[in-house]
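[1] Structure here, sequence nowhere to be found:
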């Protein structure tokens, strides 16, 4: 065989082998992608299993009652006792078997017990019924995301007449608020049904259904809390709302009265993205930056000028006495 013929045959063999090698490489990468997808699916199932186990452990926590200690019942009593600095305090609402460490917001007149904070989306709010009942997240830091718990919220708002205050901030730094009179959460046997009264504020009335003003509302009998493992007013619709928003909430109908959406990446993105929405302000396709919710006794008396003012203790586990004892 001549040298040119040999070279030609080698070039031909090389050109045929190249596509074969490329196809093998693509097939290998496809197999790798499928393998990684299986790993991700397994990890997700494992996380959900751990979450379910944690929920079961929460249900088995014994109700160890405290002795007769004179603790503040809420942040309103903390404030009324001269503590005007926002921070962690220890309270024990009437009927609570244990003390609670809560974040007290002393702005806007003071005495607010913060029960929900959403800021940066680091904390998942796609939680079980038991987790929402007991609470979750980081309530110890001023920027931590958390839910205080439906049972503590029920105990707090069953002590008397409470106001609900909600602060919202959009991506441009604009701030608005919503405030409701006569805010109350029922106990677990009534699925933590929510009640709100008169609305005021600048953010818009996103809890209009809970006020019972719409005769055509599907929740005329009240709005019950829903999670993915414990639907509220209607199993099909509640499950759809929970999956849609990736959070527990007092759902009545998807597309209304729900600020507990996950954090969007920016305005005008799809609902499958992560975001917090306050629909009566910016609509459902806009991500607001944060939502903070808090309650305060409606009959809180403001401190007189020159009254003694104290800062919170350096040790957040310190138990404060009640101011009226």
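    Looks like it arrived, so ask away. Predicted, not measured: the structure shown is a model, and the values here were computed from it.
[2] Which stretches in the protein count as helices?
    When secondary structure is read from DSSP state H, the chain shows helices at 3-59, 75-80, 129-134, 150-157, 235-245, 279-282.
[3] Worst mean pLDDT among these?
    Taking the mean pLDDT of each of the helices of the chain, the lowest value is held by helix 279-282, a mean of 50.
[4] Domain parsing of the chain, as residue ranges.
    With automatic domain parsing serving as the domain definition, the record reports that the chain contains domains spanning 1-60, 112-297.
[5] So which residues of the stretch 51-200 of the chain form strands?
    In the stretch 51-200 of the chain, the segments counted as strands under DSSP state E, counting those that start in this stretch are 87-91, 100-105, 112-118, 136-137, 146-147, 162-169, 175-180, 184-185, 194-195, 199-201.
[6] Out of the ones you listed, flag the one nearest residue 76.
    strand 112-118 (7.5 Å; C-beta to C-beta). Glycine gets a C-beta too; all of them are placed from N, C-alpha and C.
[7] on contacts alone, who are the packing partners of the closest one?
    For strand 112-118, the helices and strands in contact under the criterion 3 or more C-beta pairs under 8 Å, 6 or more residues apart in numbering; DSSP states H and E are helix 75-80, strand 100-105, strand 146-147, helix 150-157, strand 290-297.
[8] most packed of the ones you listed?
    Stretch with highest mean neighbour count among those: helix 75-80 (a mean of 26; mean count of other C-beta atoms under 10 Å).
[9] which secondary structure elements does that one contact?
    Judged by 3+ C-beta pairs under 8 Å, 6+ apart, helix 75-80 is in contact with strand 87-91, strand 100-105, strand 112-118, strand 290-297.
[10] Partner strands of the longest one and their direction?
    Here the strand partners of strand 290-297, with direction, are listed using DSSP bridges: strand 112-118 (antiparallel), strand 162-169 (antiparallel).
[11] Helix 150-157 and the shortest one, what's the angle between them?
    Right, the one you point to is strand 112-118. Here the directions of strand 112-118 and helix 150-157 differ by 150 degrees (axes from the mean of the first three to the mean of the last three C-alpha atoms, to 10 degrees).
[12] Could you pull up the mean pLDDT of strand 112-118?
    In this model, strand 112-118 has a mean pLDDT of 95.
[13] ditto for the longest one
    Strand 162-169 shows a mean pLDDT of 93 in the predicted model.
[14] what about residue 93, neighbour count?
    By the criterion of other C-beta atoms under 10 Å, residue 93 has 22 neighbours.
[15] so what's the nearest residue to it once chain neighbours are set aside up against?
    Using C-beta to C-beta, 6 or more residues apart in numbering and skipping the chain neighbours, the partner closest in space to residue 93 is residue 155 (4.0 Å). Counting by C-beta atoms under 8 Å, 6 or more residues apart in numbering, residue 155 touches 93, 94, 95, 96.
[16] go with 10 Å
    73, 74, 92, 93, 94, 95, 96, 97, 100, 149, 185, 187 (C-beta atoms under 10 Å, 6 or more residues apart in numbering).
[17] got the contact list for residue 190?
    Contact analysis of residue 190 by C-beta under 10 Å, 6+ apart lists 154, 222, 224, 225.
[18] what about the third one, distance to residue 129?
    Distance, residue 224 to residue 129, using C-beta to C-beta, to the nearest Å: 11 Å.
[19] just to revisit the earlier point, pipe the contacts of residue 190 into CSV and attach distance to residue 29 per row.
    As requested, the contacts of residue 190 are arranged in CSV below (distance: C-beta to C-beta, whole Å):
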residue, distance to residue 29
154, 54
222, 54
224, 49
225, 46
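[20] which of the residues you listed tops the neighbour count?
    With neighbours defined as other C-beta under 10 Å, the most crowded of these is residue 225; it has 26 neighbours.
[21] Give me the phi and psi angles of it.
    Here is the backbone geometry of residue 225 (degrees, to the nearest 10): phi -70, psi 150.
[22] and the closest residue to it other than its chain neighbours, what does it touch?
    For residue 225, ignoring the flanking residues on the chain, the nearest one in space by C-beta to C-beta, 6+ apart is residue 192 at 4.1 Å. Each residue near residue 192 by C-beta under 10 Å, 6+ apart is listed here: 129, 132-133, 149-151, 153-154, 185-186, 223-226, 230, 232, 248, 250.
[23] ok, now residue 135?
    With contacts taken as C-beta under 10 Å, 6+ apart, residue 135 has the following neighbours: 58, 100, 102, 115-116, 127, 146-153.
[24] Mind doing that once more with 7 Å?
    When contacts are counted by C-beta atoms under 7 Å, 6 or more residues apart in numbering, residue 135 is found next to 146, 147, 148, 149, 152.
[25] Of all the helices and strands packed on strand 112-118, which one is nearest residue 164?
    Judging the helices and strands packed on strand 112-118 by C-beta to C-beta, what sits closest to residue 164 is strand 290-297, at 5.7 Å.
[26] If anything else comes up later, I'll come back, but that's it for now.
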